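Colleague: Build me a model from this:
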Amino acid sequence: MPCITAGVLAPALVALPAAAAGPPPNDNRADAIVLSLPASTTGTLVGATKESGQDRSACADSAASVWYRFRAPSRGTVVIELDNAGDMDGSVDIMRQQRSRLASVDCEATDNKGNATLETSGLEKGADYFVRVGRDEGSTEDTFALRVLVPSPPPTPPGRHLPGNGVRNVVDRLVDPGDAWNRRLTAGAATRVNLSADRCLSLRVFAPGVRSFDRAEPVLSARCGGYRLFTPRETGQYVFLVEAGKGRGGQKYRLRVAAAGRDDTAPGIPLGDRAKVKGRLNGGLDSVDLYRFQVSRRSAVKLRVAGGDTEVELRRDGGRFLGSGATVEENLPKGRYYVGVKGSGRYTLTRTSRLITRTQVLFDGHKKAVAAPGTTTTVALRVAPGQSGRGQVTIERNDPLSGWQFVRTENLRVVAGSARFSFRPPDLGRYRAVGEFAGTRAAAASESGYARLRVREPMAP
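Modeller: Numbering: from 1, shown residues only. Model (predicted):
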């Protein structure tokens, strides 16, 4: 009888003879095609029939079927993947002959994509089993791809040595669930770790001496891979366990481990005021550049990164998160701060800081003042801390029926935090003044609250 030899790559679905040419050669169980595991083949249900007797699936009501046979591997575990072409719906079964009867071991119906995956363990080593591929009643006839795979045993420590430039490999949730690698690390030496993959693969790092992944707690975990900074507590051989994510088929990954540089961890690179620095990240092992700066007086700080696929992240020196994005603007009190640039590509990072100012307007030295008709008052604009620059004061008068009405605006030159001018109210009434400091390159703009002036005659006796 025909035999399909080992192969693990999914074959392309091919056009096979139409029903007029007769049923497939493995239409009956007695003519089952022998598979040498792991096996990968194509087949057809075009023209297939339903064998009388015990030809039925435990998962679906079948109209036709074809047969394969294999010998169970030593670990007694296989994975079967069925991919139907076109709109054909069906099922795949594993069966074992017991005297004159066929006993169902496991089965799976195809999903809305026409695929079925069957993971079966506990098979008797060396025993013969049948694989039945069936077409549902009422479904179209078409071809299919079939794979019967033998899973690798799960990885065990200490794994293989991780080369200096890292490693590229492939895992598969069903047949090759993970890889273990080891690298000697030094206690106290900051280390960069990066797992990049085309899917969500996990990474767990175990301390020297680990004997079982199930019984030990990892010293570092990354549920979906990515970049991590890790500083070992002891010197020795650390084990890096890469585990496959959800889904079928091979999942490519790259694992790299290297010592951290000056721009990868604290204290980072100094970032001066008005600084404009250029850098480059690769999105893998070099995914973060760290900078530091300090604020001596409360300031409005703006951080901006341009270029590549990058963003900045601002934190206090204790680690408290303050903001992230292409641009971050924050009013920061006196202190020390860190900014990380994350992502990939060439970038330019700029930092600007401006002192936060407070502006105040006073009539004759007071927030609230009273003046007699015809007198002149002094309006003062004060800026703290004492800065020099442009200022402005606007005065309004209250109309009892229409509200506040414009009187005048005075443009001022502020010197060492102070400017003033004389104001003679045109008549009786209530007045108010509001001021603003335009700011400078080193100091932020600010606006005052209202100062109020009441001009009135003495009350008649």
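Colleague: Run through this structure and note the low-pLDDT ranges.
Modeller: The chain contains residues with pLDDT under 70 at 1-21, 54, 459-461.
Colleague: next one: the lengthiest strand in the chain to chain centre, how far?
Modeller: When the chain is scanned for its longest strand (criterion: DSSP state E), the result is strand 335-355. Distance of strand 335-355 from its chain centroid, counting by C-alpha atoms, centre = their mean, to the nearest Å, is 21 Å.
Colleague: cool, and stretch 190-199?
Modeller: Counting by C-alpha atoms, centre = their mean, stretch 190-199 comes out at 13 Å from the chain centroid.
Colleague: Mind listing residues that contact that stretch?
Modeller: With C-beta atoms under 8 Å, 6 or more residues apart in numbering as the test, stretch 190-199 has contacts from 185, 201, 203, 205, 220, 222, 225-232, 240, 242, 245-247, 251-260, 264-265, 283-287. C-betas here are computed from N, CA, C, even on glycine.
Colleague: Pull out the buried residues from those.
Modeller: Burial by neighbour count, judged by 16 or more other C-beta atoms under 10 Å, picks out 185, 201, 203, 205, 220, 222, 225-230, 232, 240, 242, 245, 251, 253-258, 260, 264, 283-287 from the contacts of stretch 190-199.
Colleague: name the element the residue nearest to residue 431 when sequence neighbours are not counted belongs to?
Modeller: In this structure, residue 431 finds its nearest non-sequential neighbour in residue 453, 4.3 Å apart by C-beta to C-beta, 6 or more residues apart in numbering. Per DSSP states H and E, residue 453 falls inside strand 446-455.
Colleague: wait, doesn't residue 255 sit right on residue 203?
Modeller: Yes. Residue 255 is in contact with residue 203 according to C-beta atoms under 8 Å; the separation is 7.5 Å.
Colleague: intersection of neighbour lists for those two?
Modeller: Common neighbours of residue 255 and residue 203 (C-beta under 8 Å, 6+ apart) are 195, 240, 242.
Colleague: Secondary structure and distance to residue 362 added to those, as a markdown table?
Modeller: Listed next are the shared contacts of residue 255 and residue 203 as a markdown table, based on DSSP: H, G, I helix; E, B strand; the rest coil; distance: C-beta to C-beta, whole Å:
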| residue | secondary structure | distance to residue 362 |
| --- | --- | --- |
| 195 | strand | 63 |
| 240 | strand | 68 |
| 242 | strand | 69 |
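Colleague: closest to residue 137 among those?
Modeller: residue 242 (44.1 Å; C-beta to C-beta).
Colleague: who's in contact with the closest one?
Modeller: 169, 171, 178, 179, 180, 181, 195, 201, 202, 203, 253, 255.
Colleague: Which of those fall in strands?
Modeller: Reading strands off the contacts of residue 242 with DSSP E, I get 169, 171, 178, 179, 180, 181, 195, 202, 203, 253, 255.
Colleague: can I assume the third one is in contact with residue 240?
Modeller: No. Using C-beta under 8 Å, residue 178 is not in contact with residue 240, being 10.5 Å away.
Colleague: what residues are shared contacts of the two?
Modeller: In contact with both residue 178 and residue 240: no residue, using C-beta under 8 Å, 6+ apart.
Colleague: Mind jotting down where the strands sit in the stretch 1-150 of the chain?
Modeller: Taking DSSP state E, counting those that start in this stretch, the strands of the stretch 1-150 of the chain run over residues 3-4, 33-35, 39-44, 62-71, 78-84, 90-98, 101-109, 115-120, 128-136, 143-149.
Colleague: which residues does the closest residue to residue 249 other than its chain neighbours bridge with?
Modeller: Distances taken as C-beta to C-beta, 6+ apart place residue 172 nearest to residue 249, at 6.5 Å, with adjacent residues excluded. Legend: beta-bridge partners of residue 172 under DSSP bridges are residue 176.
Colleague: Repeat that for the one 10 residues further on.
Modeller: Residue 182 forms beta bridges with residue 161, residue 239, as assigned by DSSP bridges.
Colleague: and it, how many residues sit next to it?
Modeller: Counted with other C-beta atoms under 10 Å, the neighbours of residue 182 add up to 19.
Colleague: other SSEs contacting the longest strand of the chain?
Modeller: strand 276-282, strand 288-295, strand 299-306, strand 309-316 (3 or more C-beta pairs under 8 Å, 6 or more residues apart in numbering; DSSP states H and E).
Colleague: Which one, of the ones you listed, ends up nearest to residue 63?
Modeller: Comparing the helices and strands packed on strand 335-355 under C-beta to C-beta, the one sitting nearest is strand 309-316, at 52.5 Å.
Colleague: List the neighbouring strands of that closest one plus their orientation.
Modeller: Those paired with strand 309-316 in the sheet (DSSP bridges) are strand 321-325 (antiparallel), strand 335-355 (antiparallel).
Colleague: and it, how far from the chain's centre?
Modeller: For strand 309-316, the distance to the chain centre is 14 Å (C-alpha atoms, centre = their mean).
Colleague: Would you format the helices and strands packed on strand 335-355 as a markdown table with mean neighbour count and distance to residue 443 included?
Modeller: Shown next, in a markdown table, are the helices and strands packed on strand 335-355 (neighbours: other C-beta atoms under 10 Å; distance: least, C-beta to C-beta, whole Å):
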| stretch | mean neighbour count | distance to residue 443 |
| --- | --- | --- |
| strand 276-282 | 15 | 20 |
| strand 288-295 | 20 | 13 |
| strand 299-306 | 19 | 9 |
| strand 309-316 | 18 | 21 |
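Colleague: I'd like those strands laid out as CSV, including distance to residue 332.
Modeller: CSV is the format used below for the helices and strands packed on strand 335-355 (distance: least, C-beta to C-beta, whole Å):
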stretch, distance to residue 332
strand 276-282, 19
strand 288-295, 5
strand 299-306, 5
strand 309-316, 9
